[in-house]
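Student: could you look at this predicted model? Sequence included:
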Amino acid sequence: MPSYAFRILNVFAESTFGGNPLCVFEDGRGLDDATMQALALQFNLSETTFILPSEAANAYVRIFTPGYEMVFAGHPTLGTANVVRDLAQTGDRLTLEFKAGVVPVTAQGDVWTFTAPHRGQPRTRPAGIPDADIAALLGLEESDLLASPMWVDTGTDQFLVPVKTPEAVRRAQPDGGRMDNWPDSLQGRKNAYVFAFDSARPDRVLSRYFFFKPGGGVAEDPGTGSACANLGGWLVASGHALPAEYEVDQGEAVGRPCRLRLAVGGNGDIRVGGRVVELGRGTINL
């Protein structure tokens, strides 16, 4: 009976039980796609990753949610990098290969940072539906919007909704009964990253990430590194003054506070970081 070692970590965690949980399987060799997907459903965390050999990087990483595989995601990148450093003794600079490309990752102690896999200008596209309809789908008014929402892709595409105040972020609540009205990502998924700059603290952003579950209903992710990278892409696409740095707070509404660190260079490079805490280890027998 083969056994597979895994670790449980919290990413973007400022405390032991904060952050976004992640399961990392130390060696995914011998597992087929269906078993990886079944294990992700078994753990039922937002993502589970599997470490595999790579000819292009220190490791090849596959990422599964309970319902599907992802080409890239932020908090799995940082948590998996923490495990790869320990297993392969790479030191604080390493690279991870994903379906979206090779991503550089660096560490200072337990704070990890990845560079988004986009090259040049981030890919953007319009919402395709009126601003007023988007606001209504989120339980907001059109007057709450800071600018027209758009799709942004710096590794995986997500729907970014800028609003004027943190209060509007807290008030947002997607209507799960109107899922058919929501625009689709290029992968056919429905999501929304709602964010606002804090006028009282110019270097802070409050965000929430909503997604429609395959079986129906709306869920909220505690800390979404890929969406934070896309916020960096939004800054570039919107002509924001660069370089820029922000601390992004997410997870408040679901009791899992996360702190993400976003930096956008003058050349448009986007880096997202956060603290990684390992909670425990175990094995699965198959």
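Tutor: Here it is on my side, so go on.

Student: how about R125, secondary structure?
Tutor: Classification of R125 by DSSP: H, G, I helix; E, B strand; the rest coil places it in strand.

Student: let me know the helix or strand that the residue lying closest to it once chain neighbours are set aside is in.
Tutor: Nearest residue to R125 in three dimensions, chain neighbours excluded: W151, at 4.6 Å (Cβ to Cβ, 6 or more residues apart in numbering). Where C-beta positions appear, they are placed from N, C-alpha and C, glycine not excepted. In the assignment (DSSP states H and E), W151 maps to strand 150-153.

Student: which parts of this protein are helices?
Tutor: Using DSSP state H, the helices of the chain run over 33-43, 74-88, 131-137, 166-171, 225-237.

Student: H118 is nearest to which of these?
Tutor: Of all those, helix 225-237 sits nearest to H118, with 6.8 Å by Cβ to Cβ.

Student: what residues sit buried inside the closest one?
Tutor: For helix 225-237, a neighbour-count test (16 or more other Cβ atoms under 10 Å) marks 225-237 as buried.

Student: show me which of those is closest to F211.
Tutor: So of the buried residues of helix 225-237, ranked by how close each gets to F211 (Cβ to Cβ), first place is A227, at 9.9 Å.

Student: quick one: residues contacting that closest one.
Tutor: Contacts for A227 (Cβ atoms under 8 Å, 6 or more residues apart in numbering) come out as G74, Q158, L160, Y193, S207, Y209.

Student: let's see 7 Å
Tutor: A227 makes contact with Q158, Y193, Y209, according to Cβ atoms under 7 Å, 6 or more residues apart in numbering.

Student: could those residues go into a markdown table alongside neighbour count?
Tutor: Conversion of the contacts of A227 to a markdown table gives the following (neighbours: other Cβ atoms under 10 Å):
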| residue | neighbour count |
| --- | --- |
| Q158 | 26 |
| Y193 | 25 |
| Y209 | 23 |
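
Student: which of those residues fall in strands?
Tutor: Q158, Y193, Y209 (DSSP state E).

Student: how near is the second one to L87?
Tutor: According to Cβ to Cβ, to the nearest Å, Y193 and L87 sit 32 Å apart.

Student: R204 contacts E247, correct?
Tutor: Yes. With contacts counted by Cβ atoms under 7 Å, R204 reaches E247, the gap being 5.4 Å.

Student: so G217 versus T124, what's the distance?
Tutor: As defined by Cβ to Cβ, G217 lies at a distance of 28 Å from T124.

Student: okay, those two: which has more neighbours?
Tutor: Set G217 next to T124 and count neighbours by other Cβ atoms under 10 Å: T124 wins out with 18 against 11.

Student: tell me the contacts of V11?
Tutor: Contact partners of V11, counting by Cβ under 7 Å, 6+ apart, are G19, N20, L22, H75, L78, G79, G223, G274, V276.

Student: which residues touch stretch 93-100?
Tutor: Counting by Cβ under 7 Å, 6+ apart, 54, 56-61, 71-72, 77, 80-81, 84-85, 102-106, 117, 155-156 sit against stretch 93-100.

Student: burial measure for the residue nearest to G282 when sequence neighbours are not counted, as a count.
Tutor: Distances taken as Cβ to Cβ, 6+ apart put F6 closest to G282, at 5.9 Å, once the chain neighbours are dropped. Neighbours of F6 under the rule other Cβ under 10 Å: 20.
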